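Asks: Here is the input, now give the coordinates:
(one chain, ligands or ions: 1)
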Amino acid sequence: KTVYLLNGPNLNMLGKREPGIYGADTLVSIEADCISFGKTIGMTVECRQSNHEGQLIDWIHEAGEKAAGIVFNPGAYTHTSVALHDAIKSVPHVPVVEIHLTNVHAREAFRQKSYISPVAIGVICGFGPLGYQLALRALAERLG
Ligand code: DQA
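Replies: From the prediction side, this is the model:
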């Protein structure tokens with residue numbers, strides 16, 4: 001099964017970006033770990049990152065044709081994007097697991113609201129890069 005691993009804005013800066021909050025791992029290394037973990041559970045993980053909301057929307061639509069599920073860290077768009085919420089609703093046959101490196105509930109008030117959670121099958125946050133693998137496992141269970 002092919003699943004998309006989508007990362008949103010500023011996540012290309014992992015490793016350099018506020019390492020005290022987001023850790024030292026780069027997105028490239030997180031993606032490589034997800035690809036090898038995916039292999040162990042029979043999943044092909046296709047990794048993409050964009051800083052642009054419209055590009056993320058296009059990939060969600062594309063997943064509707066090409067992927068069995070999505071693991072999605074929407075970055076700050078989590079807290080602002082009705083358009084990403086609607087994009088996920090437009091592919092109802094594609095389960096989405098929302099993931100955040102940090103525990104967004106323990107941070108600023110503006111991070112408490114997610115436009116993605118109501119259209120996700122579940123949410124993982126606060127476990128750093130491990131969260132991506134937990135999300136892949138959850139998706140694998142859901143897809144059977
Ligand atoms: C994040 C949390 C968001 O609030 C933030 O805007 C990010 C990263 C996380 O992975 O912890 O860019 O999604």
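
Asks: Nearest the middle, which residue of this structure would you pick?
Replies: The centre of the chain sits closest to Phe72, judged by CA atoms, centre = their mean, with a distance of 1.7 Å.

Asks: Quick check: Gly69 touching Glu141?
Replies: No - using CB atoms under 8 Å, Gly69 is not in contact with Glu141, being 10.7 Å away. Any C-beta I mention is one placed from the backbone N, CA and C, and that applies to glycine too.

Asks: neighbour-wise, which of the two wins?
Replies: Between Gly69 and Glu141, counting by other CB atoms under 10 Å, Gly69 is the more crowded of the two (24 against 9).

Asks: ok now do the more buried one, which residues does it touch?
Replies: Lys1, Val3, Tyr4, Ala63, Val94, Pro95, Val96, Val97, Leu139, Arg142, Leu143 (CB atoms under 8 Å, 6 or more residues apart in numbering).

Asks: Apply the buried test to these and list what passes.
Replies: Val3, Tyr4, Ala63, Val94, Pro95, Val96, Val97, Leu139 (16 or more other CB atoms under 10 Å).

Asks: Perfect, that will be all.
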